[in-house]
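Undergrad: After the sequence you'll find the predicted model.
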Amino acid sequence: MKPLQYVLVLYLFFTGMVTHAQNINLTTGDTAISFKVHGVCEQCKDRIENALKVKGVRSAVWDMESQQLSLVYNPAKISLDKIENRIVAVGHDIENKKAKIGVYSALPKCCLYRNMDAAKNEMKKDPVIAPLQEIIYTIDSSSAKTMQRSSENGVIIIKGIVLEDDNRGKFRPLANASVYWLGSAQGAMTDSTGLFSIVQDSNNHNLVVSYAGYKSDTLNVHESTELKIVLASNKQLKEVTVSSRLKTTYVNNYSPIRTETMLSTELLKAACCNLSESFETNPSVDVSYNDAVTGSKQIQLLGLSGNYTQLTVENLPGPRGIATPLGLNSIAGPWIESIQLTKGVGSVANGYESIAGQINVELKKPENSEKLLANIYVNDFGKTDLNLNLAKKISNKWSVGLLLHDDFLYNTKLDFNKDGFRDQPTGNTLSLVNRYKFDNSKGVMVQFGIKVLQDRKTGGETRFDPDSDKNTTNSYGLGINTERYEGFAKVGYVFPAKKYKSIGFQAAAISHNQDAYFGLTTYNANQKTVYANLIYQSIISTTIHKFRTGFSFVYDKYDEIFKANHYARTEVVPGVFGEYTFTPNDKFSAVVGLRADHNSLFGSFITPRLNLRYEPVKGTTIRGSVGRGQRTANIFAENTSVFVSARQVNIITTDAGKAYGLDPEVAWNKGLSVDQKFRLFGNDALLTVDYFRNDFTNQVVVDVEDARTVKFYNLTGKSYSNSFQAALNIEPLKKFEIRLAYRFFDVKTTYSGKLTERPLISRNRAFANLAYAIQGFKFDYTITYNGEKRLPDTQSNPVMYRLPSYSPGFVLMNTQVSKTVGKKQPLDIYIGVENLANFFQQDVIVAADQPFNNYFDASMVWGPVNGRMFYGGVRFTIK
């Protein structure tokens, strides 16, 4: 089946299911009634309905929100009294009958609906939960106070109170309200004082509060969340009144590894058509064009190119290897649920390739995402993006999701600097993710799915016609055709009686094929990847001592043809790892990890890593990290300058049996960070200062200091990067947030025996983001200053093709205004401007007038390729 046919079949499948409802036709002798049956969760629903699968009962459906049982039965075959007795016998009360205490007490903890005291007593018996310090959600009757959370030994308890409004300005506790995680069997009931206690679900932040006679709603409970939960007082169906304030980015204060999480709401501050545009409001990550003609982008973290940042998608391998140039463009922004950014070394369980840091992208999950999300984006360049997200809960155990993306640009005359070259390649990108999830609420969880990407790009001179000019000197052009197919699966099991113990298996298979030409140069590449990771985690005596261990396997087969030269290699890397976490109290924690791997080309190697966290006083968190990283360079895919310039390629090899005859890249990363929380202007504020240093023991040096050649060779000498950043987050007014940052880089590498500042990296960068929300409107403004960058030496070129030694500094400004209409089915309308000041690099291509001579070079990009761009769009959601 072709991808477009596959998309159509899935689309019809989804749209047919969204409106699906069961109809029961009454026959002669049937009786239909409804009455209340006490319960709280999905397990209760299964138990009640299964008890009534007997002769004489045609239909029994229990609604979890209203606790009403809708029953169709034949009194001639079974009496109502027998039906009631069957319900009570499995542990559920009805209005006139109560379950025996022994039967009720035997129910799972999440099903103890009668009062909170019983649930608390059960929880105290749990060896994991009992020793924990509780996390208290204090909800005041008149205002929402900051939730104080503390966790120990990896488990978080959330406590809170549910209140009702009596229409006279007073609040009173609401007893027996249901509180549960959306789509989960894990729940609780409020006690006589309105209090509840529930264990945090690490994979789900959607907390539902419901009560019979009221309409339920969902709260997004997260770090630094402020909540106010008030139910309307009269007995008519009313909405749950929720005042929720959720930070768009946050850091888990209790993790030894400092990970900044950007939620999807943060990505909505800009157009965010794909992953490459997701960091426009983040001061830590730079995104820039690789060159002036292919449209591919790369990130920079800690002063190093994105090659040194491990990119994963839900902790499975993301675009890497051959996919590096176009990888950031291949993940659509509306697909993204959150992004986790880790500077420095992370966990050994995620592999050994992280050197500068790790970026993990979490996609929308079918069990807790919108039923439907449709997004249409257009800009004045002529680019259009179409996105459709669909999610459906098939049953209590199964859910399915479909993510679709299509973008296209056919404007061949986009040329801001009038050099005769298109500023953006034209073409079309079509991609999809189809995923399934199974969760039996008894510890077994299975996920699997497929991903498909088809990308067609044409670029070069504005007059280039591939039908007549391809592989000729009539006009310079390029074409990149990419096809990528992925299959993935995850299987996990959490031991029901020992929640701290689990085992999980992850696997992925990837096929990436690219056929491309750049002027008269051809580059065809194919990559096959198989990945597997098995992780087991548990404790040693108590949850103060936790560990995880496992086995990983990576198979990479590369086949590249560049200028008629064939480069092929196969890397097989099995590995084992172990990680120990020590958490004696809230103030200190440590993670020590070690992994051993064997690369079929480079032999065995060890990867040690250490992460520490210390909180000397409340609100001050100090973290330190040190560790080793190793990766294999893909010199062509990671350096598109090779393709779009007249430079001669010179690979100075040491061993023909290795990757391109070069050694693997190895570096040691050290880092220190301090997070200081305080109060300013009556609101929470955060000051963060961090310093990281990378020292390479070997690096594949990309030497472009000679304008006629690009040389690849192993490092002989020093290569390092120093990164310092200070960031301040404040809220001077309610719903008016300001984010300020300054960053300094010192990055040097030894080129041909001389330690020199690495080119095309800005030493200084300043950043400010302002966000304000009022009455459904959101206003966002971002300004960045990028300091001067050293440019490679071009003095051997003729005078007209020479560049200065340094680029000028420049300022970029982006702004967006959005308006949300509606609540249950919100419609977002957004308009914005990128590069508000219309600043762009004038001479972005060297010798653009002579693209086939010896001086042509489209890789000297230090600033924006495009000028001012206006965009707009609409986003429709069915929750």
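TA: Here it is on my side, so go on.
Undergrad: What segments of the protein are helices?
TA: Secondary structure of the chain (DSSP state H): helices at 3-18, 42-51, 80-89, 101-105, 116-125, 264-267, 324-327, 466-469.
Undergrad: rank those helices by mean pLDDT and give me the bottom one.
TA: Ranked by mean pLDDT, the helices of the chain bottom out at helix 116-125, with a mean of 39.
Undergrad: What is the neighbour count of Leu219?
TA: By other Cβ atoms under 10 Å, the residues close to Leu219 number 21. In this view, the C-beta of every residue, glycine as well, is placed from N, C-alpha and C.
Undergrad: do you know how far Val433 is from Lys501?
TA: The gap separating Val433 from Lys501 is 31 Å, by Cβ to Cβ, to the nearest Å.
Undergrad: Hmm, I typed the wrong one, I wanted Ser288.
TA: Ser288 is 45 Å from Lys501, by Cβ to Cβ.
Undergrad: who has more neighbours, these two?
TA: Ser288 (21 against 16).
Undergrad: Nearest residue to His405 in space, ignoring adjacent ones along the chain?
TA: Ala332 (3.8 Å; Cβ to Cβ, 6 or more residues apart in numbering).
Undergrad: these two touch, right, the one you found and Leu388?
TA: No: judged on Cβ atoms under 8 Å, Ala332 makes no contact with Leu388 at a distance of 10.2 Å.
Undergrad: Tell me which of the two has more neighbours.
TA: Ala332 (26 against 19).
Undergrad: where does this structure have its least confident helix or strand?
TA: Here the helix or strand of the chain ranked lowest by mean pLDDT, DSSP states H and E is strand 135-136, holding a mean of 26.
Undergrad: mind listing what Cys273 touches?
TA: For Cys273, the contact set (Cβ atoms under 8 Å, 6 or more residues apart in numbering) comprises Ala332, Gly333, Tyr377, Asp385, Asp407.
Undergrad: Report the separation between Ser210 and Val617.
TA: For Ser210, the distance to Val617 - Cβ to Cβ - is 40 Å.
Undergrad: re the thing from before, so who does the residue nearest to His405 touch?
TA: With contact set as Cβ under 8 Å, 6+ apart, Ala332 has these partners: Cys273, Asn274, Asp385, Asn387, Leu403, His405, Ser431.
Undergrad: mind listing the strands for the stretch 651-800 of the chain?
TA: Counting by DSSP state E, counting those that start in this stretch, the stretch 651-800 of the chain has these strands, from start to end: 665-680, 683-698, 700-703, 709-714, 719-733, 736-751, 754-757, 764-774, 777-786.
Undergrad: what bridges to Lys754?
TA: Tyr751 (DSSP bridges).
Undergrad: Just give the number of residues close to it.
TA: 10.
Undergrad: Of the contacts of Ala332, select the buried ones using a PyMOL command.
TA: Here is the PyMOL command that picks out the buried ones among the contacts of Ala332, judged by 16 or more other Cβ atoms under 10 Å:
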select buried, resi 273+274+385+387+403+405+431
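Undergrad: and which of the contacts of Ala332 is nearest Ile535?
TA: Leu403 (25.9 Å; Cβ to Cβ).
Undergrad: what are the bridge partners for the nearest residue to that closest one once chain neighbours are set aside, then?
TA: Excluding its sequence neighbours, the residue lying closest to Leu403 (Cβ to Cβ, 6+ apart) is Val433, at 4.2 Å. Beta-bridge partners for Val433, by DSSP bridges, are Leu403, Lys451.
Undergrad: quick one: contacts for Val433?
TA: Counting by Cβ under 8 Å, 6+ apart, the residues that Val433 touches are Trp335, Leu363, Gly401, Leu402, Leu403, Gly449, Ile450, Lys451.
Undergrad: what would those look like in a markdown table with pLDDT and distance to Asp93?
TA: What follows is those, written out as a markdown table (pLDDT from 0 to 100; distance: Cβ to Cβ, whole Å):
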| residue | pLDDT | distance to Asp93 |
| --- | --- | --- |
| Trp335 | 94 | 44 |
| Leu363 | 94 | 41 |
| Gly401 | 97 | 37 |
| Leu402 | 97 | 41 |
| Leu403 | 97 | 43 |
| Gly449 | 97 | 41 |
| Ile450 | 98 | 46 |
| Lys451 | 97 | 48 |
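Undergrad: Which member of those is positioned nearest Asn714?
TA: Asn714 lies nearest to Lys451 out of these, by Cβ to Cβ, at 35.2 Å.
Undergrad: one step back: narrow the contacts of Ala332 to those in strands?
TA: The strands, defined by DSSP state E, take in Asp385, Asn387, Leu403, His405, Ser431 from the contacts of Ala332.
Undergrad: ok, which pair from those is furthest apart?
TA: Asp385 and Leu403 (13.3 Å).
Undergrad: Reformat the contacts of Val433 as TSV; add distance to Ser395.
TA: Listed next are the contacts of Val433 as TSV, based on distance: Cβ to Cβ, whole Å:
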residue	distance to Ser395
Trp335	24
Leu363	22
Gly401	15
Leu402	17
Leu403	21
Gly449	18
Ile450	21
Lys451	24
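Undergrad: quick one on the thing from earlier: a markdown table please, covering the ones in strands among the contacts of Ala332 and showing distance to Phe553.
TA: Formatted as a markdown table, these follow (distance: Cβ to Cβ, whole Å):
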| residue | distance to Phe553 |
| --- | --- |
| Asp385 | 37 |
| Asn387 | 34 |
| Leu403 | 28 |
| His405 | 30 |
| Ser431 | 27 |
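Undergrad: Identify, from those residues, the entry nearest to Ser70.
TA: The closest of the ones in strands among the contacts of Ala332, once distances to Ser70 are taken by Cβ to Cβ, is Leu403, at 34.5 Å.
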